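Enquirer: Need a 3D model of the sequence below.
(one chain, ligands or ions: 3)
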Amino acid sequence: MTIDLYTLKALPTYDNPFPLAKSPLIQCLTNTVTVESVANALLYVGAAPVMADQADEMEVFFNQNDGALINIGSLSPEKIRNILLAARTADETDTPFVLDLVGVSASPLRNDLAQEISASTPDVIKGNLSEMRTFCGLGSTGRGVDAGADDQSEAALVELGQAMQEWVSDHAGTTLLATGPVDVVADASGIYYLKNGVDNLGRFTGTGDIVGALTTALLGAGQPVLDAVILAVSYFNLCGEKADATTRGLADFRQATLNNLSLLLQDDEWLTGIKGGQL
Ligand SMILES: Nc1ncnc2c1ncn2[C@@H]1O[C@H](COP(=O)(O)OP(=O)(O)O)[C@@H](O)[C@H]1O
Ligand SMILES: Cc1ncsc1CCOP(=O)(O)O
Ligand SMILES: [Mg+2]
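Expert: Ligands and ions are numbered 1, 2, ... in the order given. Predicted coordinates for the structure are as follows:
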């Protein structure tokens, strides 16, 4: 089986989700490395971030938020307790929420935590290709928070798509997203491969975290889950494609990618650039 564009069924055509139907308030329990990038990315696309992870404030923020992002990139015993409380609160209050599996390939503690959070039925669980392999019980070559090269081969992508589909068939209510040179999405309707983006998006920190944040923003604005995932990944990757064409050097590339977050959405034209399809 190959997964080139010619063997994939076309994606539906989407309406521009921007400007967001409301300015969704996104509560983030996220890592200390990319917290500022995540907050600004949300602002650039018209959402409102609030970084709030205290147990004592959980109820008050869940009474206000439109969606929650749980990113396990930096942990402490207290943070773990608060993350589990947030996941349970999201489940009990029917709040859209996204789990980002940062580092699960490197640390069994993180993988155990992710499995426990998954019992609270996140709308979306996302990670890079290696993290998603670990989460689904496949071997992985991930190192630290990065994906391994072997996990990006065509055979590995096909294997991962099947494992993700099996996982979602046992876990109604959760859609899975694995990001990388090719992104893999699985929900009850099938397996999707997305093909936008450029290599440099794997070379600055926070790109995966931003995709998690954008997905939460689109969910918070009322997009159906599968559409939110496909639109968030494709939009971010198109911002990167445009940046790559005009910059040299990773700091400039990062700046231009983030800058495009507030620019590309102004014209419906960006939707015509989405590449990918359903298997
Ligand atoms: N080599 C690549 N080619 C195209 N897009 C990429 C590439 N590497 C990463 N991306 C894109 O960058 C974003 C972050 O993905 P990834 O680097 O896998 O996440 P993480 O930062 O969590 O490791 C995703 O939207 C993904 O599609
Ligand atoms: C480097 C690092 N270490 C712990 S969290 C983090 C950021 C990970 O960001 P991303 O998953 O978007 O690469
Ligand atoms: Mg990541």
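
Enquirer: that's a strand at Gly277, yeah?
Expert: Yes. The assignment for Gly277 (DSSP: H, G, I helix; E, B strand; the rest coil) places it in a strand.

Enquirer: residues from the stretch 1-150 of the chain in reach of ligand 1?
Expert: Residues of the stretch 1-150 of the chain lying close to ligand 1 (C-beta under 6 Å from any ligand atom) are 128, 146-147. Quick note: C-beta positions are derived from backbone N, CA and C, even for glycine.

Enquirer: 5 Å - rerun?
Expert: The stretch 1-150 of the chain comes close to ligand 1 at residues Asn128, as judged by C-beta under 5 Å from any ligand atom.

Enquirer: Phi, psi for the residue in the stretch 1-150 of the chain that ligand 1 sits nearest to please.
Expert: Nearest residue of the stretch 1-150 of the chain to ligand 1 (C-beta to the nearest ligand atom) works out as Asn128 at 3.5 Å. Note on Asn128: backbone dihedrals following degrees, to the nearest 10 are phi -80, psi 180.

Enquirer: residues touching it, list them.
Expert: Applying C-beta atoms under 8 Å, 6 or more residues apart in numbering to Asn128 gives the contacts 142, 145-147, 178-180, 208.

Enquirer: What are the boundaries of the strands in the stretch 51-200 of the chain?
Expert: Shown for the stretch 51-200 of the chain, the strands assigned by DSSP state E, counting those that start in this stretch span residues 67-71, 97-100, 124-128, 175-179, 183-187, 190-194.

Enquirer: Restricted to buried residues, select the contacts of Asn128 in ChimeraX.
Expert: In ChimeraX, this line selects whichever of those come out buried by 16 or more other C-beta atoms under 10 Å:
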select :142,145,146,147,178,179,180,208
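
Enquirer: For this protein, give the residue positioned nearest to ligand 3.
Expert: Residue of the chain nearest ligand 3, by C-beta to the ion: Gly208 (2.9 Å).

Enquirer: Secondary structure element holding that residue?
Expert: helix 207-220 (DSSP states H and E).

Enquirer: Need the CA coordinates for that helix. PDB is fine.
Expert: Taking Å, rounded to 0.1, in the frame of the first residue of the first chain, the C-alpha atoms of helix 207-220 are listed here in PDB:
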ATOM      1  CA  THR A 207       5.800  23.800  16.600                       C
ATOM      2  CA  GLY A 208       3.900  20.700  17.800                       C
ATOM      3  CA  ASP A 209       2.800  22.600  20.900                       C
ATOM      4  CA  ILE A 210       1.400  25.400  18.700                       C
ATOM      5  CA  VAL A 211      -0.500  22.900  16.600                       C
ATOM      6  CA  GLY A 212      -2.100  21.600  19.800                       C
ATOM      7  CA  ALA A 213      -3.100  25.100  20.800                       C
ATOM      8  CA  LEU A 214      -4.500  25.900  17.400                       C
ATOM      9  CA  THR A 215      -6.500  22.700  17.400                       C
ATOM     10  CA  THR A 216      -8.000  23.600  20.800                       C
ATOM     11  CA  ALA A 217      -8.800  27.100  19.600                       C
ATOM     12  CA  LEU A 218     -10.800  25.700  16.600                       C
ATOM     13  CA  LEU A 219     -12.600  23.300  18.900                       C
ATOM     14  CA  GLY A 220     -13.400  26.100  21.300                       C
END
